[in-house]
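K.L.:
pasting the structure only:
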Ligand SMILES: Cc1ncc(COP(=O)(O)O)c(C=O)c1O
């Protein structure tokens, strides 16, 4: 009894509150309040319909931030995950996992990137973190070139290469990153010629930034300068990959291997988001010219059985339902409908990674679309851009509905 009392007193004196006891203002643990939330609580979802706890249905033209690629709860995806869970959900990367090889093979063939090797991790930031680390290992250098309005994630080097000082803590500011504008080849060349650059990292279509893109000429210049000066070209396809822009990867819009000297061959391609349709999975495709060695990269969870099953299911549905072609086709249809709305100043983006630019800030419009029209859309760093990121298996009639609802709120 005495021992128990002493033990309880000890626990009381050393619990997590301990040191901050004086400033304590709450009795239960709360969530760290970093997300401004819409007052909607989804409890189920199917296709592009999300249902909340009151039974209200919403149309999802945001895809949970470009994540839902093949639709919520796609039956093939659900079955593959359930079947996998019944067999084995996880084991560490210290044993063989044939699903990883199956995934690498399928991904290489579908994307046309057979001459790359795959390293699997858990998120977009982690993918870019590993990509930047590989670039630095490979070149022995440390300065990175990124572009205005870029977003590459919130971890150490990835956030340093993200053009947003607000999310860059002093510890991240130790990284050497130079931000350049798109399409200024001269400045890029003079920066690269300084000889201390390990990587150039860019998004083919900027997601968070607001759907801006480099020109084809500029992307090809980046490729040539990187090749000539031994700099690693990192294509951040976290948001634009897996068919969202109407090609498997966004950079593939800027050069075809059919035209000699014109093709873009990034050294590293980072992937996440739509890859898992909501299952947390990311990765990098590393060109075979960059050699692996034991211990160079690593992760506990990356490439686990469930993550592989989720990604394989996504690839299978992309092929079976011809979703990349669908994304490409629907861009044209979307642009046609947008052209009928005078308040829309510009349509940006490609495939089903699209943005509508207005001459007013869209935050209030987004709120009204959710609450009055029950329609989810996305915002961007450019506050005038409404982002549209639906699952790739929507149909023309879904876009008709989207524009009907949008028109009602623009009246
Ligand atoms: C282009 C791009 N790269 C990286 C990231 C970071 O991905 P994650 O949030 O999975 O870390 C994002 C997220 O929005 C992104 O859009």
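P.N.:
Looks like it arrived, so ask away. Here the structure is a predicted model, which is why all the values come from computation and not from measurement.
K.L.:
what's the pLDDT at the residue in the chain positioned nearest to the ligand?
P.N.:
Distances between the chain and the ligand by C-beta to the nearest ligand atom are smallest at residue 124, namely 2.2 Å. Just so you know, the C-beta spots here come from the backbone N, C-alpha and C atoms, and that holds for glycine as well. What the model reports for residue 124 is a pLDDT of 98.
K.L.:
Name the residues of the stretch 51-200 of the chain found near the ligand, please.
P.N.:
Within the stretch 51-200 of the chain, the positions near the ligand by C-beta under 6 Å from any ligand atom are 123, 124, 125, 128, 151, 152, 153.
K.L.:
ok, which stretches of this protein are strands?
P.N.:
42-46, 49-52, 57-60, 116-121, 143-147, 177-180, 197-203, 232-236, 268-271, 282-287, 346-350, 353-357, 375-376, 385-388 (DSSP state E).
K.L.:
Show me what the shortest one is packed up against.
P.N.:
Put plainly, it is strand 375-376. strand 57-60, helix 363-371, helix 396-410 (3 or more C-beta pairs under 8 Å, 6 or more residues apart in numbering; DSSP states H and E).
K.L.:
and that strand, which strands flank it?
P.N.:
strand 57-60 (parallel) (DSSP bridges).
K.L.:
What residues sit buried inside the strand it pairs with?
P.N.:
In terms of neighbour count (16 or more other C-beta atoms under 10 Å), strand 57-60 has its buried residues at 58, 59, 60.
K.L.:
With stretch 324-332 instead?
P.N.:
324, 326, 327, 328, 330, 331.
K.L.:
how far out from the middle of the chain is it?
P.N.:
19 Å (C-alpha atoms, centre = their mean, to the nearest Å).
K.L.:
who touches it?
P.N.:
Residues outside stretch 324-332 that contact it (C-beta atoms under 8 Å, 6 or more residues apart in numbering): 243-248, 318, 349-352, 354, 392-394, 396, 399.
K.L.:
please redo it, this time with the cut-off set to 6 Å
P.N.:
243, 246, 351, 352, 392 (C-beta atoms under 6 Å, 6 or more residues apart in numbering).
K.L.:
May I see the buried residues of strand 57-60 organised as a markdown table, with pLDDT added?
P.N.:
Listed next are the buried residues of strand 57-60 as a markdown table, based on pLDDT from 0 to 100:
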| residue | pLDDT |
| --- | --- |
| 58 | 98 |
| 59 | 98 |
| 60 | 98 |
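K.L.:
Looking at these, which is nearest residue 238?
P.N.:
residue 60 (19.4 Å; C-beta to C-beta).
K.L.:
Pairing partners for that closest one in the sheet, please.
P.N.:
residue 376.
K.L.:
wait, what's in contact with it?
P.N.:
48, 50, 376.
K.L.:
So it versus residue 100, what's the distance?
P.N.:
30 Å (C-beta to C-beta, to the nearest Å).
K.L.:
same check, this time on residue 249
P.N.:
20 Å.
K.L.:
quick one on the thing from earlier: determine which two of the residues of the stretch 51-200 of the chain next to the ligand are furthest apart.
P.N.:
123 and 151 (13.2 Å).
K.L.:
Who has more neighbours out of those two?
P.N.:
residue 151 (27 against 21; other C-beta atoms under 10 Å).
K.L.:
The more buried one contacts residue 208, doesn't it?
P.N.:
Yes - contact criterion C-beta atoms under 6 Å: residue 151 and residue 208 qualify, at 3.6 Å.
K.L.:
remind me which residues of the chain are low pLDDT?
P.N.:
1-23, 256-261 (pLDDT under 70).
K.L.:
How much space separates residue 370 from residue 201?
P.N.:
Separation of residue 370 from residue 201 (C-beta to C-beta): 33 Å.
K.L.:
Neighbour count: these two, which is higher?
P.N.:
Taking other C-beta under 10 Å, residue 370 and residue 201 do not tie; residue 201 has more neighbours (27 against 17).
K.L.:
Please name the bridge partners of that one.
P.N.:
residue 234.
K.L.:
and among the helices and strands packed on strand 375-376, the most buried is which?
P.N.:
Across the helices and strands packed on strand 375-376, averaging neighbours per residue (mean count of other C-beta atoms under 10 Å) puts strand 57-60 on top, at a mean of 19.
K.L.:
Pull the distance from that one to the chain's centre.
P.N.:
22 Å.
K.L.:
same thing with stretch 389-400?
P.N.:
Per C-alpha atoms, centre = their mean, the centroid offset for stretch 389-400 relative to its chain is 20 Å.
K.L.:
just stretch 315-324 next, same as before
P.N.:
19 Å.
K.L.:
Kindly report the same for stretch 395-408.
P.N.:
That offset, for stretch 395-408, works out to 25 Å (C-alpha atoms, centre = their mean).
K.L.:
Where do the helices of this protein begin and end?
P.N.:
2-14, 63-66, 75-87, 98-111, 124-139, 156-160, 185-192, 216-229, 305-320, 323-338, 363-371, 396-410 (DSSP state H).
K.L.:
Distance to residue 386 added to these, as a markdown table?
P.N.:
Formatted as a markdown table, the helices of the chain follow (distance: least, C-beta to C-beta, whole Å):
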| stretch | distance to residue 386 |
| --- | --- |
| helix 2-14 | 51 |
| helix 63-66 | 14 |
| helix 75-87 | 28 |
| helix 98-111 | 29 |
| helix 124-139 | 22 |
| helix 156-160 | 25 |
| helix 185-192 | 31 |
| helix 216-229 | 26 |
| helix 305-320 | 26 |
| helix 323-338 | 11 |
| helix 363-371 | 7 |
| helix 396-410 | 8 |
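K.L.:
between the ones you listed, which one is nearest to residue 37?
P.N.:
helix 363-371 (11.4 Å).
K.L.:
would CSV of the buried residues of strand 57-60 with distance to residue 212 be doable?
P.N.:
Putting the buried residues of strand 57-60 into CSV (distance: C-beta to C-beta, whole Å) gives the following:
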residue, distance to residue 212
58, 28
59, 26
60, 24
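K.L.:
quick one on the thing from earlier: looking at the helices and strands packed on strand 375-376, which is closest to residue 274?
P.N.:
strand 57-60 (13.4 Å).
K.L.:
residues from the stretch 201-350 of the chain in reach of the ligand?
P.N.:
203, 207, 208, 236, 238, 239, 272.
K.L.:
so which of the residues you listed is the most crowded?
P.N.:
Going by other C-beta under 10 Å, residue 236 tops those with 32 neighbours.
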